[in-house]
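> Sequence first, predicted model second:
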Amino acid sequence: MNSIYQALSELEKNNGSAALCTVTSSEGSTPRHVGSKMLVYPDGHFIGTVGGGDLEHRVLDEAWMAISDGQPRLLHYNMADPSRGDPGVCGGQVEVFVEPILPPPLLVVIGAGHVGKAVVHLAKWLGYRVAVSDDRAEFCNEETTPGADAYYPVKMDDLPNHISIDKRTVLILTTRGSAVDAAGLSPLLDSAAAYIGVIGSKRRWATTVKALKKKGIAEAKIAKVRSPMGLELQAETPEEIAVSTMAEVMMLRDKGTGKSMSR
């Protein structure tokens, strides 16, 4: 069996998820000493132990929640009287720190034109895993759009069959026109993506919305999209548009306001 440290290295290499549970405080009689660790995976299996029994079951439940919500937690347990809800009768007290180990979020650039290339460069610099998708294979490759982690030369509506879109995934559509968006957006609107942004003017988006509604797409799903995407920076160049777009992504992710810091 791999050690926990080897397993953590494998997680980083493979962009995996888990929760690391560490005993940070132990007073009196407790099952495990300070520094004891347990690594919990989303599929239910785990390496190591923080004490076994009901204590461990409770920590496992918290670990799976931490993987889901991305939030660490410090757990405190008395171990004296199960009749009042304690997870044991050892007589001591124990604290366990649960730390979610999550890969960098995935950002998918759909449409490998000038703006798409600029978004790839900036998003990678900001720490995202970046994938590029374009139905034109001659644009969707390392030579023409360098810097991405993966390339998917497929139609937009086929993309969910190639990547897993979860609640941390960012979808940036820098496509070549409304017709492409209208034809391919529907499956993306059914996903759990954290952000779906579409480049273009208000008029272009209105045209896309009309086409989506004609296909029977509900307004609630269409409302998931931010278009024109980005913050108002009077951006013109591909690089400026990339900054505007990623600024909005960061603002929403971190619950910012977008207001000037001096006001």
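Right, received. Where do you want to start?
> ok, which stretches of the stretch 151-263 of the chain are helices?
178-189, 202-214, 219-222, 238-253 (DSSP state H, counting those that start in this stretch).
> chain center to the third one: distance?
If you compare the mean C-alpha spot of helix 219-222 with that of the full chain, they lie 22 Å apart, counting by CA atoms, centre = their mean, to the nearest Å.
> Equivalent analysis for stretch 127-135, please.
13 Å.
> Flag the shaky bits of the protein, pLDDT-wise.
Within the chain, the stretches with pLDDT under 70 are 1-2, 28-32, 79-91.
> change it to 50
1, 81, 85-87 (pLDDT under 50).
> which residues in it form strands?
Using DSSP state E, the strands of the chain run over 18-27, 37-40, 46-48, 73-78, 93-101, 106-110, 129-133, 150-152, 170-173, 195-198, 225-226.
> can I get these in a markdown table with distance to Asp158 and mean neighbour count?
For the C-beta atoms, the positions are set from N, CA and C on the backbone; glycine is no exception. Converted to a markdown table, the strands of the chain look like this (distance: least, CB to CB, whole Å; neighbours: other CB atoms under 10 Å):
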| stretch | distance to Asp158 | mean neighbour count |
| --- | --- | --- |
| strand 18-27 | 30 | 20 |
| strand 37-40 | 34 | 23 |
| strand 46-48 | 36 | 18 |
| strand 73-78 | 39 | 16 |
| strand 93-101 | 31 | 20 |
| strand 106-110 | 11 | 27 |
| strand 129-133 | 9 | 24 |
| strand 150-152 | 9 | 17 |
| strand 170-173 | 14 | 26 |
| strand 195-198 | 17 | 22 |
| strand 225-226 | 19 | 19 |
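> From Ala148, how far out is the closest residue in space to Leu233 that isn't next to it in sequence?
Nearest non-adjacent residue to Leu233, counting by CB to CB, 6 or more residues apart in numbering: Ser244, 4.6 Å away. To Ala148, Ser244 is 20 Å away according to CB to CB, to the nearest Å.
> Centroid-nearest residue for this structure?
The residue lying closest to the centre of the chain (CA atoms, centre = their mean) is Arg168, at 2.2 Å.
> List the contacts of it.
When contacts are counted by CB atoms under 8 Å, 6 or more residues apart in numbering, Arg168 touches Gly70, Leu102, Pro105, Leu106, Ala194.
> residues contacting the second one?
Residues counted as contacts of Leu102 (CB under 8 Å, 6+ apart) are Ser17, Ile67, Gly70, Arg168.
> what's the farthest-apart pair in these?
Distance extremes for these: the farthest pair is Ile67 and Arg168 at 11.5 Å, using CB to CB.
> Pretty sure the residue nearest to Leu233 sits against Gly230.
Yes. Applying CB atoms under 8 Å as the test, Ser244 and Gly230 come out as touching, 3.4 Å apart.
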